[in-house]
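> could you work out the structure for the sequence below:
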Amino acid sequence: MTGVRWGYALNQWDTNIDAFVRKRDHERAFKTISISGFSGVELTAVSFGPWEPFGSPHEIANLYGSLDGLRSFLSECALDAVSSYVYDPFVGFDVEMGRGPDPLDPGAVEQITGTALWFAEAVHRLGGDTLVVRPVGSAWQTGELSDDQVGTLARLWNEVGRRIAEHDVRLALHVDFLSALRLGDGIDRLLAATAPEFVGLALDTAELAVAGIDPVEFFRSHADRVRHIQLKNARELVDDAEALTPHAEQFVRTEGGARRIERWFFEPTDEGGLIDFEAFARAVADSDYSGWIVVESDQSPRPAESAMVSGWYVQKVLEPIIARSRHALGAPR
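Modelled structure (predicted):
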C-alpha cells in the first residue's frame, strides 16, 4: 500500500459493556464514519464475550456469520476495511473478562504470539494491514525498565512482528501516557533493541502529548519507524510523578486523578488542545510515511458529531496539506 488512507476509531461509540451490541447501531456508526469521509474503521480487542461483538474474531463470527460477513456489511456501509486492531496483551481471551499474560514474562511469548496471530489474520481478511499493540504495562508497575526487561520485550515483539508479517500485517507498538516506556529513554531503547523490518511504532498524538512528548518533534525524529498514526487532541499533561501513582489506570486515566480530569482526549479541532495538527500534517507530508491515519475521539459524548467535525477537518485542512506538499515533492499522497 502506498500513500495515506484515513480511518476512524470505533471506540467512541462503544463506551460501555452492552451499549453497542445491535447491528442497527453498528450500521449507524459505520455509515456516519463513511459519510464523514473515512474509508476504514479501527477496532479494539476486548474480552467481554457477546457484549463486545467486535472484541474478537470469534464474536464477529457469532454476530456476522464470519469475518467475510462483516466485510460485506462494511462494504454495504461504504467502508473499505477494518484498518487495524488494537490489542493489549493484558486482556485475556481464554476466559471472558479474563486477565492476559504480561509481556515482561519470558514464558508468555507463545501465548501472546498466538493471540496476535488470531487478530492479525482477522485484520488481513477484513482488508487492513496493522496490529497495534500495548508493548508493556504501566510505569507505576515497573518503574524505568532495566536492560534485561527491554531485552525480554524485544525478543517478544520481534517474534510477534515476524510471525504476523506472514499475514501481510505489520506490528505497531502503541505508547500510552501511562506506559513504562515514557520513563527515561524507554522508547528509544526498545526501538534500538528490535528489528525495524518487524517492529514499528503506532504514534498516538494525544497519548504522547499528555506524557509531555511533542508528537510533531517525535514524528520527525522517528518517522522511519512509524507504521501507524492515531490522531486525537489533549488538553492536560501527566508528569512522571502522576504516572507513577499506584493503580494509575483506574485512579488517573479512568477517574481523572487528584485533579478530577473529566476527559483526557478530544477531537483534533479542539481549540484548547496541546497539538499543532497542521504542523503534524506537514511533518507527515515531508516524510515517506505510507499507511493509515486513524482519527479518534474516544471520550466524546456526541460520537456522530465528533466524526463529522473530524472528517471535515481532515478533508478541508489536513489532507490538502499532505497532498500539496507531496505533490510538490513528487511523492505519493
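> ranges for the strands of this structure?
4-9, 40-44, 81-87, 91-92, 98-99, 130-133, 170-174, 199-204, 226-231, 233-234, 265-266, 291-295 (DSSP state E).
> ok, of those strands, where does mean pLDDT dip lowest?
Among the strands of the chain, strand 98-99 carries the lowest mean pLDDT, a mean of 78.
> pull up the pairing partners for that one, direction included.
When sheet partners are counted by DSSP bridges, strand 98-99 sits next to strand 91-92 (antiparallel).
> contacts for the strand it pairs with?
Contact with strand 91-92 is made by 45, 46, 47, 98, 99, 100, 101, as judged by C-beta atoms under 8 Å, 6 or more residues apart in numbering. Every residue, glycine included, has its C-beta placed from N, CA and C.
> quick revisit: can I get the strands of the chain in JSON lines including distance to residue 141?
Shown next, in JSON lines, are the strands of the chain (distance: least, C-beta to C-beta, whole Å):
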{"stretch": "strand 4-9", "distance to residue 141": "26"}
{"stretch": "strand 40-44", "distance to residue 141": "21"}
{"stretch": "strand 81-87", "distance to residue 141": "19"}
{"stretch": "strand 91-92", "distance to residue 141": "16"}
{"stretch": "strand 98-99", "distance to residue 141": "13"}
{"stretch": "strand 130-133", "distance to residue 141": "17"}
{"stretch": "strand 170-174", "distance to residue 141": "17"}
{"stretch": "strand 199-204", "distance to residue 141": "20"}
{"stretch": "strand 226-231", "distance to residue 141": "23"}
{"stretch": "strand 233-234", "distance to residue 141": "23"}
{"stretch": "strand 265-266", "distance to residue 141": "22"}
{"stretch": "strand 291-295", "distance to residue 141": "27"}
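> returning to that earlier point: which one of the contacts of strand 91-92 is nearest residue 164?
Using C-beta to C-beta, residue 45 comes nearest to residue 164 of the contacts of strand 91-92, at 13.6 Å.
> show me what contacts that closest one?
Residue 45 neighbours (C-beta under 8 Å, 6+ apart): 55, 56, 85, 86, 87, 88, 91, 93, 119.
> show the buried residues in these.
Among the contacts of residue 45, those that count as buried by neighbour count (16 or more other C-beta atoms under 10 Å) are 55, 56, 85, 86, 87, 88, 91, 93, 119.
> closest one of those to residue 255?
residue 88 (19.3 Å).
> chain neighbours aside, what residue packs nearest to the closest one?
Leaving aside its chain neighbours, residue 88 sits nearest to residue 134 (4.2 Å; criterion: C-beta to C-beta, 6 or more residues apart in numbering).
> list the contacts of the closest residue to residue 263 other than its chain neighbours.
Excluding the flanking residues, the one nearest residue 263 by C-beta to C-beta, 6+ apart is residue 299, at 4.7 Å. Counting by C-beta under 8 Å, 6+ apart, residue 299 touches 12, 15, 263, 264, 265, 266.
> biggest helix in the chain by residues?
As assigned by DSSP state H, the longest helix anywhere in the chain is helix 147-165.
> only the buried residues of that one, if you could.
149-150, 152-154, 156-161, 163-164.
> ok, and what's touching it?
Counting by C-beta under 8 Å, 6+ apart, 103-106, 108-109, 112-113, 116-117, 120, 131, 133, 135-136, 142, 145, 170-171, 173, 186, 189-190, 193-195, 197-200 sit against helix 147-165.
> state the distance from residue 296 to residue 93.
Distance, residue 296 to residue 93, by C-beta to C-beta, to the nearest Å: 23 Å.
> low-scoring pLDDT stretches of the chain, where are they?
Along the chain, segments meeting pLDDT under 70 span 1-2, 16-17, 95-97, 325-333.
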